[in-house]
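Chemist: Curious how this folds, go ahead:
(chains A and B)
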Amino acid sequence: MTAPMTRRQLARHAGWFGAAVVLSVTGGEVVSHVADTRDTASAAGTGDPNTLRFVQISDSHIGFTGPANTDVTGSFARAVDQVNTLGFRPDFVMHTGDLTHLSTPAQFDQVKQMMSGLDTDRVFTVPGEHDSVEDHGRAYRQTFARGAEGDGWYSFDTHGVHFIALVNTLSLEKLGHLGTDQIDFVRRDVAGLPSDTPIVVFSHIPLFAMYPQWGWATDDALQVLNLLKRFASVTALNGHVHQLFTRVEGNVTFHSATTTAYPLPKPGQAPAPTPQVLPARQLRTALGIRTVEYRQATTPLAITDKELT
Amino acid sequence: MTDAPVLASLRTARLTRARPTLASRLFTSAAGATLAASGAVHAQLYLDGYRYLHAVGVLFLLQAAASFGLGALLLAAALLPPPALIQLTAAGTALGALAGFAASRTIGVFGFVEHGLQPAPQALIGIVAECATVAALLAAGYLAARHGQARTSR
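Modeler: Residues are numbered from 1 along each chain as shown, chains lettered A, B, ... in the order given. Here you go, the predicted model:
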């Protein structure tokens, strides 16, 4: 038999828990305020030439028809609008692959035209496996990668950050594959860079083993990652998996992006990675874009994922 | 009456309920300090970039806030002993943080996975602080129970 709590004991407990709540809320408010102050200072630096801001969009699958999203073109148009109304003009926009669903000329024309509406100086792309259906990426390269090396890989520098755009979808068996030529390109590309240079790597298929059973990995990525081991900060951004996922391994942080087209199941939670049909209102929450900010002299890249509005 | 000894014991316990021993209160205060340290680690990581992580950022903020609040109350235990429920909540907060750490190394937390004791040294400091919190609260609870038992049996 348990003795009932007296009124005095109840008041005492209420007092203690009230104090716990007040102190916790106060602590949370202080931490939030400090974070807001930092974000505000960062936002004030929008015009700061040292602040880099770019956007990652991915897996638009223009041409897809199915119940998972009956209007992928409309969704991508909303994503473009969202990029154009972010409140800042991104230095560039990167599309991390699967621009089209079936690599037809009409689909490439449409996605290129839609991306020309992005309010930014430069638009970059890497191909997904859906952009090289039956032509080994020829139509993709003609549309988006004319000046690139090999099968479309390239690198560029801006705001003190070195960016590498890789192609791991062309020699696809089950997993993504980079190949010797591309690995040699990376070796030459980073050879002269100081170790404190922040590196950002783009690819379509993850460079980490997110779920190899579904092909969500790149079989020879380790060779490239070994070449990047000496750098203090390496960020790898990919698409393909249609969902947010972050993994930290040593000096590399991997961020998988969501899609503007349709969601895929979480690893292992379905027999196969097939398009997921969600209730109409929930679809938008599964789609989105990503903004990335980097201020020179501050180490981490601030990566913010936003649901499609 | 078979209930008589139990009732007598409870009555005695109520009559003889005394302030916890100094050692028990010191252990509780120590738990407050280590819990606050765990909160500081989570707050720092939140400010340093974890706030941008989907869902995980909010969890870091909640952990930091709860750890600061409960830690402050436990720190005051040397002067004013808190009820056992507050200590249990504090232990739950520390255990929750440890469970989150373990999950982020295995099954992932909302799609977030890290490896080993990264970020260093915050990961290690956090684990040590949270384990110390649980250990100190267990020690405080044990001492309080033993003290209560001794008084009841007198």
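
Chemist: CA only for contacts and neighbour counts going forward, please
Modeler: OK.

Chemist: Can you read off the pLDDT for residue 20?
Modeler: The chain I'm using is chain A. We have a pLDDT of 90 for residue A:20.

Chemist: meant chain B, my bad for not saying
Modeler: 75.

Chemist: what do you get for residue A:36?
Modeler: 84.

Chemist: for residue A:233, same thing?
Modeler: 91.

Chemist: shouldn't it be in contact with residue A:194?
Modeler: No. Counting by CA atoms under 8 Å, residue A:233 sits too far from residue A:194 to count as a contact (11.6 Å).

Chemist: quick one: which of these two has more around it?
Modeler: residue A:233 (20 against 11; other CA atoms under 10 Å in any protein chain shown).

Chemist: Check the spacing between that one and chain B real quick.
Modeler: 13 Å (CA to the nearest CA, to the nearest Å).

Chemist: Check the spacing between that residue and residue A:198 real quick.
Modeler: Here residue A:233 is placed at a distance of 5 Å from residue A:198 (CA to CA, to the nearest Å).

Chemist: likewise residue A:117?
Modeler: On the measure of CA to CA, residue A:117 and residue A:198 end up 29 Å apart.

Chemist: before we move on, which element is residue A:253 in?
Modeler: Assessed by DSSP states H and E, residue A:253 sits inside strand A:252-256.

Chemist: C-alpha coordinates for that strand, CSV please?
Modeler: What follows is strand A:252-256, C-alpha atoms only, in CSV (Å, rounded to 0.1, in the frame of the first residue of the first chain):
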residue,chain,number,x,y,z
VAL,A,252,34.2,14.0,-44.4
THR,A,253,30.5,14.9,-43.8
PHE,A,254,28.1,13.3,-46.3
HIS,A,255,24.7,14.9,-46.9
SER,A,256,22.1,13.2,-49.0
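
Chemist: quick check: mean pLDDT across that strand?
Modeler: 94.

Chemist: Mind giving me the packing neighbours of that strand?
Modeler: For strand A:252-256, the contact count by 3 or more CA pairs under 8 Å, 6 or more residues apart in numbering or on different chains; DSSP states H and E identifies strand A:234-238, strand A:245-249 as packing neighbours.

Chemist: I'd like those strands as JSON lines, with mean neighbour count appended.
Modeler: Below are these laid out as JSON lines (neighbours: other CA atoms under 10 Å in any protein chain shown):
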{"stretch": "strand A:234-238", "mean neighbour count": "24"}
{"stretch": "strand A:245-249", "mean neighbour count": "20"}
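
Chemist: next helix or strand past the helix or strand of chain B with the lowest mean pLDDT?
Modeler: Ranking every helix and strand in chain B by mean pLDDT, DSSP states H and E puts helix B:4-15 at the bottom, with a mean of 43. Of the helices and strands lying after helix B:4-15 in sequence (DSSP H and E), the nearest is helix B:22-47.

Chemist: chain center to that next one: distance?
Modeler: 8 Å (CA atoms, centre = their mean, to the nearest Å).

Chemist: close to chain A, is it?
Modeler: Yes. Against chain A, helix B:22-47 shows contacts by CA under 8 Å from any CA of the partner chain at B:43, B:47.

Chemist: What ranges does chain A have for its helices?
Modeler: A:7-44, A:72-84, A:105-115, A:138-144, A:180-191, A:221-227, A:280-286 (DSSP state H).

Chemist: which strands and helices sit next to the fifth one?
Modeler: This means helix A:180-191. Right, helix A:180-191 is packed against helix A:221-227 by 3+ CA pairs under 8 Å, 6+ apart.

Chemist: What mean pLDDT does the helix it packs on get?
Modeler: Per-residue scores along helix A:221-227 average to 97.

Chemist: That helix close to chain B?
Modeler: No. Using CA under 8 Å from any CA, helix A:221-227 never reaches chain B; the gap is at least 15.8 Å.

Chemist: pull the longest helix from chain B.
Modeler: Longest helix in chain B, counting by DSSP H: helix B:122-153.

Chemist: can you give me the angle it makes with helix B:22-47?
Modeler: 160 degrees (axes from the mean of the first three to the mean of the last three CA atoms, to 10 degrees).

Chemist: Those residues of the stretch 101-250 of chain A touching chain B, which are they?
Modeler: Checking the stretch 101-250 of chain A against chain B by CA under 8 Å from any CA, the hits are A:244, A:245, A:246, A:247, A:248, A:249, A:250.

Chemist: Run through the residues that contact the third one.
Modeler: To tie it back to what came earlier, the one meant is residue A:246. A:253, A:254, A:255, A:256, B:111, B:112, B:113 (CA atoms under 8 Å, 6 or more residues apart in numbering or on different chains).

Chemist: cool, residue A:186 as well?
Modeler: So residue A:186 contacts A:164, A:224, A:227 (CA under 8 Å, 6+ apart).

Chemist: Which of these has the largest number of neighbours?
Modeler: Neighbour max across those (other CA under 10 Å) = residue A:164, 19 neighbours.

Chemist: Now it: closest residue in space that isn't a chain neighbour?
Modeler: residue A:155 (4.3 Å; CA to CA, 6 or more residues apart in numbering or on different chains).

Chemist: so where's chain B shaky on pLDDT?
Modeler: B:1-19, B:151-154 (pLDDT under 70).

Chemist: How many neighbouring residues does the residue nearest to residue A:164 have?
Modeler: Residue A:155 has 18 nearby residues by other CA under 10 Å.
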